[in-house]
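J.: Everything below, folded, please.
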Amino acid sequence: MASGTTTMSNDTILKVEHLSMRFGGLMAINDLSLEAKRGEITALIGPNGAGKTTVFNCITGFYKPTMGMITLNQKSGKQFLLERLADFEITKHAKVARTFQNIRLFSGLTVLENLLVAQHNKLMKASGYTILGLLGVGSYKREAAAAIEKARYWLEKADLIDRADDPAGDLSYGAQRRLEIARAMCTEPELLCLDEPAAGLNPKESLALNTLLRGIRDEGTSLLLIEHDMSVVMEISDHVVVLEYGQKISDGTPDHVKNDPKVIAAYLGVEDDEVEEVISEELEGGAR
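T.: Just a heads-up that it's a prediction; the model follows:
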């Protein structure tokens with residue numbers, strides 16, 4: 001699974017090279033190349049239908065790209081060609097975790113239990129896949145204690161520790177979003193992929209989300225997110241990549257991207273030859 005066939009600097013965690021994804025006659029992604037740096041929050045943005053979720057699906061193994069290479073570079077130096085792996089192998093071996101647009105929690109389980117479920121594989125291994133788990137002896141007892149400690153740590157980070165014993169379904173929408181992210185972090189990912197984490201959140205919930213995401217980044221996990229809320233993108237992102245019709249039209253810092261004429265044109269729906277007129281109107285409006 002690991003491969004050293006591509007060259008990456010150690011500060012690059014993800015490298016996408018010449019990625020294309022075709023569905024019948026539709027080219028959803030067309031020759032896309034991008035990099036995500038280790039220890040940064042990279043945002044993938046663009047108008048509806050730009051191909052953002054398709055890129056995520058290729059990175060996380062839900063789709064096999066028509067062409068291209070996707071390389072994950074772990075801190076240890078191991079490299080994984082993600083386009084060659086099944087989705088569960090990407091999670092288990094390459095250490096890539098993902099959340100979805102639609103929240104996928106076990107609503108009948110408690111908040112704490114949702115985070116223990118994320119550690120199920122490690123606990124099963126500690127039990128030797130036998131009744132040791134039921135008896136609570138040996139390595140299983142130690143792993144179970146460690147799993148609870150890790151779960152409580154991420155509940156603290158997500159500001160949910162006071163709700164640990166409540167059913168997950170009783171949480172507010174914003175709290176459920178944070179719980180889903182905390183659950184993903186219990187798998188100890190090196191790269192966390194978030195699909196529209198701020199969707200449907202009110203300003204207070206967005207602020208709590210931003211705090212959690214910055215905390216995750218500051219602890220050394222790299223983040224790649226799709227987001228429509230530009231206030232969230234511009235506030236927390238270190239690096240922004242903009243797609244339109246499956247192609248990259250801008251790549252850089254938030255300040256660079258928000259002032260890029262091609263990005264302004266894409267979001268306002270104007271043709272390239274109208275960009276200068278749009279920029280002039282924006283500047284005049286700001287001067288009033």
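
J.: Can you give the distance of stretch 234-254 from its chain's centre?
T.: 15 Å (CA atoms, centre = their mean, to the nearest Å).

J.: Give me the mean pLDDT for it.
T.: Averaged over stretch 234-254, pLDDT sits at 95.

J.: Show me the chain divided up by domain.
T.: 1-93+190-252, 96-188 (automatic domain parsing).

J.: show me what contacts residue 32?
T.: Neighbour list for residue 32: 16, 18, 19, 20, 51, 55, 68, 243, 246, 247, 248 [criterion: CB atoms under 8 Å, 6 or more residues apart in numbering]. Just so you know, the C-beta spots here come from the backbone N, C-alpha and C atoms, and that holds for glycine as well.

J.: Residue 16 pairs with what?
T.: Judged by DSSP bridges, the bridge partners of residue 16 are residue 34, residue 70.

J.: Nearest residue to the middle of the protein?
T.: In the chain, the centroid-proximal residue (CA atoms, centre = their mean) is residue 193; its distance is 1.4 Å.

J.: pretty sure residue 217 is in contact with residue 223, am I right?
T.: Yes. Residue 217 is within contact range of residue 223, at 5.9 Å (criterion: CB atoms under 8 Å).

J.: buried set for stretch 181-194?
T.: For stretch 181-194, burial by neighbour count (16 or more other CB atoms under 10 Å) applies to 181-187, 189-194.

J.: now swap in stretch 98-108 and tell me
T.: For stretch 98-108, by 16+ other CB under 10 Å, it's 98, 99, 103, 105.

J.: before we move on, the earlier item: between the domains of the chain, which gets nearest to residue 260?
T.: domain 1-93+190-252 (4.4 Å; CB to CB).

J.: Can you give the distance from the closest one to the centre of its chain?
T.: On CA atoms, centre = their mean, the centre of domain 1-93+190-252 falls 6 Å from the chain's centre.

J.: Kindly report the same for stretch 149-159.
T.: Centre-to-centre, stretch 149-159 and its host chain are 19 Å apart (CA atoms, centre = their mean).

J.: which of the residues in that stretch are buried?
T.: Buried residues in stretch 149-159, counting neighbours by 16+ other CB under 10 Å, are found at 150, 151, 154, 155, 157, 158.
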